[in-house]
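Peer 1: Predicted model and sequence below, questions to follow.
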Amino acid sequence: MPETVHKRERRKEARPGELLDAALTLFVEKGFAATRVEEVASHAGVSKGTLFLYFPTKEDLFKAVIRENIAHLFPTWNEEFKTFTGTSAEMLRYAMQAWWHKIGNTPASGIAKLVMSEASNFPDIAAFYQQEVIRPGNALIRQILERGVASGEFRPIDPDQAVYTVIAPMIFLMMWKHSMGACATCVDIVDPETFIHLQVDVLLHGMTSPTHTP
């Protein structure tokens, strides 16, 4: 088979990934409503018709971006935590750090801000994000909290509500990164690693000194 045919086949196989990369960049930069499929196709170096061969609608394209960059991580994390041998405190710290390295510190972190800002205008997209990201994420964190309570490491808490005390710092980092963080001065810059370390410490130990009686 001629080399040009091999190149064409390799190009065809890579095309969905190239389209998803282009879509992620533009969705995060411009938002869902403002991004046109023609721009995504042009950014990926293909025609609009080619894009529609892989993703029939813009909604389908955005859902694929979510699956490719976020949703596919949860099965792996679930399996990983099944064999985790450390303490629940170590598991919680690891989960937040893994989230930062795999999502928060990547362009995919902008998806959360996009969904939160445009959910009311695109309820189907919001529902998809709820199903593919929020529910699996909440379940994963709840599993860690329940493990800690069962082992006696954590005091009894309502895991359904406590989940949000873990999620809130991560949402803050994503929102900050794609809003004020983009134009913050040096003195205002939030260091994500330091921030996560402090948040885990506060979650585990609170802010009250052990020598102080409230």
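Peer 2: Done, it's in. Residues are numbered from 1 along each chain as shown.

Peer 1: Any chance you could list what contacts the host helix or strand of I167?
Peer 2: Using DSSP states H and E, I167 sits in helix 159-177. Applying CB atoms under 8 Å, 6 or more residues apart in numbering, the external contacts of helix 159-177 come out as 92, 96, 99-100, 104, 109-110, 112-113, 116, 137-138, 141-142, 145-146, 149, 190, 192, 195-196, 199, 203. In short, each C-beta sits where N, CA and C put it, glycine included.

Peer 1: I'd like to know which of the residues you listed are part of strands.
Peer 2: With strands taken from DSSP state E, there is no overlap with the contacts of helix 159-177.

Peer 1: List only buried entries from these.
Peer 2: With burial judged by 16 or more other CB atoms under 10 Å, the buried subset of the contacts of helix 159-177 is 92, 96, 99-100, 104, 109-110, 112-113, 137-138, 141, 145, 149, 192, 195-196, 199, 203.

Peer 1: Out of the residues you listed, name the ones that lie in helices.
Peer 2: In helices, defined here by DSSP state H, the members of the buried ones among the contacts of helix 159-177 are 92, 96, 99, 110, 112-113, 137-138, 141, 145, 149, 192, 195-196, 199, 203.

Peer 1: who touches stretch 87-100?
Peer 2: Contacts for stretch 87-100 (CB under 8 Å, 6+ apart): 77, 81, 84, 86, 140-141, 144-145, 147-148, 151, 153-154, 166, 169-170, 173, 192-193, 196-197, 199-200, 203-204.

Peer 1: which of the residues in that stretch are buried?
Peer 2: For stretch 87-100, by 16+ other CB under 10 Å, it's 88-89, 91-97, 99-100.

Peer 1: Then stretch 53-65?
Peer 2: Using 16+ other CB under 10 Å as the test for burial, stretch 53-65 gives 55, 58, 61-65.

Peer 1: again, but for stretch 205-214
Peer 2: Going through stretch 205-214 with 16+ other CB under 10 Å, nothing comes out buried.

Peer 1: Show me how far that stretch is from its chain's centre.
Peer 2: Computed by CA atoms, centre = their mean, to the nearest Å, the chain-centroid distance of stretch 205-214 equals 33 Å.

Peer 1: hmm, who's touching it?
Peer 2: With CB under 8 Å, 6+ apart, stretch 205-214 has no contacts at all.

Peer 1: average pLDDT for that stretch?
Peer 2: Per-region confidence: stretch 205-214 scores 77 on mean pLDDT.

Peer 1: Extract the C-alpha set from that stretch and format it as PDB.
Peer 2: Provided in PDB are the C-alpha atoms of stretch 205-214 (Å, rounded to 0.1, in the frame of the first residue of the first chain):
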ATOM      1  CA  HIS A 205      -8.600  18.900  61.300                       C
ATOM      2  CA  GLY A 206     -10.700  22.000  61.200                       C
ATOM      3  CA  MET A 207      -9.400  25.500  62.200                       C
ATOM      4  CA  THR A 208      -9.700  25.200  66.000                       C
ATOM      5  CA  SER A 209      -6.500  24.700  67.900                       C
ATOM      6  CA  PRO A 210      -6.500  21.300  69.700                       C
ATOM      7  CA  THR A 211      -5.500  23.200  72.900                       C
ATOM      8  CA  HIS A 212      -8.400  25.600  72.600                       C
ATOM      9  CA  THR A 213     -11.900  24.800  74.000                       C
ATOM     10  CA  PRO A 214     -14.600  26.600  72.100                       C
END
